[in-house]
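Enquirer: Take a look and give me a structure for this.
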Amino acid sequence: MSNLYWLTEARMLRLRPLFPKSRGRPRVDDRRVLSGIIFINRNGLRWCDAPAAYGPPKTLYNRWKRWSDLGVFAAIMNGLAAEDPDNKTISIDATYLKAHRTASSLGVEKGGRGRLIGQTKGGMNTKLHAVTDTGGRPIRFFITAGQVSDYTGAMALLGDLPDAEWLLGDRGYDADWLREALIERGTRPCIPGRKSRNKAVRYDKRRYRRRNRIERMFGRLKDWRRVSTRYDRYPKVFLSAIALAATVIFWL
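Expert: The predicted structure is shown next:
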């Protein structure tokens with residue numbers, strides 16, 4: 001049984017203070033259940049395909065759904081990230097996550113409205129907007145439909161950015177309003193100008209090379225099959241899958 005656990009006792013010690021308090025009947029073994037939830041999300045399986053050693057699939061799913069609705073997994077990631085902040089140079093970027101037909105079907109309005117799924121050149125997608133710290137660890141997430149611009153994600157994340165000296169972003173974030181907003185916060189933008197600009201924008205090219213850390217972060221998240229392909233119909237549940245993957249990969 002021990003080789004099926006994804007969480008060591010040392011990791012559980014860090015996680016337990018961030019769990020919701022149990023009311024009424026004591027919860028089933030947290031370490032076993034969370035390991036089963038991680039197993040399903042990492043391998044992209046149906047809940048009924050979980051190994052019997054993790055317990056009844058219904059127990060795994062009920063915990064997953066209940067804690068996702070409560071925002072527990074996002075709170076866990078945020079809590080662990082706050083323990084070890086390193087926000088001198090932060091980065092912002094977005095990536096597409098393909099939506100499986102089960103996530104965008106079943107009578108939803110055309111275009112996946114309400115589920116944050118939209119039509120792009122690559123098919124039906126959800127777009128994940130993210131901010132990473134100096135080391136490339138994710139500290140903020142926001143999801144939109146796939147066709148939504150990077151500006152929308154930047155606007156949503158702007159008010160929740162940590163204090164930082166620099167923000168790195170690609171040309172998709174070249175907007176005067178964003179540069180001005182960052183400067184007002186005391187953060188220097190390192191963002192190349194769009195080729196359509198009449199006047200070239202100066203930026204620190206050497207520092208800009210560090211932006212590849214956020215690209216690598218997306219690549220590691222997509223190793224989790226229920227992140228790279230969206231099977232969950234509800235945005236809050238899908239965001240929980242992303243937060244859980246980020247917690248296990250980067251913060252434990």
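
Enquirer: can you map out the helices along this structure?
Expert: Secondary structure of the chain, counting by DSSP state H: helices at 9-15, 30-43, 57-69, 72-83, 101-104, 150-158, 176-184, 205-208, 212-221, 225-228, 235-246.

Enquirer: what's the angle between the third one and helix 72-83?
Expert: Just to be clear, that refers to helix 57-69. Here the directions of helix 57-69 and helix 72-83 differ by 60 degrees (axes from the mean of the first three to the mean of the last three Cα atoms, to 10 degrees).

Enquirer: List the buried residues of helix 57-69.
Expert: Judged by neighbour count (16 or more other Cβ atoms under 10 Å), helix 57-69 contains these buried residues: P57, T59, L60, Y61, R63, W64, K65, W67, S68. Just so you know, the C-beta spots here come from the backbone N, C-alpha and C atoms, and that holds for glycine as well.

Enquirer: which other residues reach that helix?
Expert: Here helix 57-69 makes contact (Cβ atoms under 8 Å, 6 or more residues apart in numbering) with 20, 27-28, 33-34, 36-37, 40, 47-50, 54, 73, 234, 236-237, 240.

Enquirer: chain center to that helix: distance?
Expert: 19 Å (Cα atoms, centre = their mean, to the nearest Å).

Enquirer: Now render the buried residues of helix 57-69 as TSV, adding pLDDT and distance to I139.
Expert: Listed next are these as TSV, based on pLDDT from 0 to 100; distance: Cβ to Cβ, whole Å:
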residue	pLDDT	distance to I139
P57	96	33
T59	95	31
L60	96	28
Y61	96	29
R63	95	25
W64	97	23
K65	96	25
W67	96	21
S68	96	20
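
Enquirer: for the record, mean pLDDT for stretch 243-250?
Expert: The predicted model gives stretch 243-250 an average pLDDT of 98.

Enquirer: For A181, see how far away the closest residue to D232 other than its chain neighbours is.
Expert: Distances taken as Cβ to Cβ, 6 or more residues apart in numbering place F238 nearest to D232, at 4.2 Å, with adjacent residues excluded. Using Cβ to Cβ, to the nearest Å, F238 is found at 28 Å from A181.

Enquirer: With neighbour numbers in mind, choose between the two.
Expert: F238 (25 against 17; other Cβ atoms under 10 Å).

Enquirer: wouldn't that one be in contact with S228 here?
Expert: No - the criterion here is Cβ atoms under 8 Å, and F238 misses it with S228 at 11.7 Å.

Enquirer: May I see the buried residues of stretch 172-185?
Expert: Within stretch 172-185, the residues scored as buried using 16+ other Cβ under 10 Å are G172, Y173, D174, A175, L178, R179, A181, L182.

Enquirer: Report the distance from the helix or strand of the chain with the lowest mean pLDDT to the chain centre.
Expert: The weakest-scoring helix or strand in the chain, judged by mean pLDDT, DSSP states H and E, is helix 101-104 (a mean of 82). Centroid displacement of helix 101-104 relative to its chain, using Cα atoms, centre = their mean, is 19 Å.

Enquirer: Just the buried positions in it, please.
Expert: A103, S104.

Enquirer: And for it, what's in contact with it?
Expert: Helix 101-104 has contacts (Cβ under 8 Å, 6+ apart) with G112, R115, I117, M124, R230, Y231, D232, R233, F238.

Enquirer: Report how many residues lie close to the fourth one.
Expert: Counted with other Cβ under 10 Å, the burial measure for M124 works out to 21 neighbours.

Enquirer: Please indicate which of the contacts of helix 57-69 are buried?
Expert: Neighbour-count burial (16+ other Cβ under 10 Å) applied to the contacts of helix 57-69 gives V33, L34, G36, I37, I40, W47, A50, Y54, F73, K236, V237, S240.

Enquirer: And these, which is closest to T89?
Expert: F73 (26.6 Å; Cβ to Cβ).
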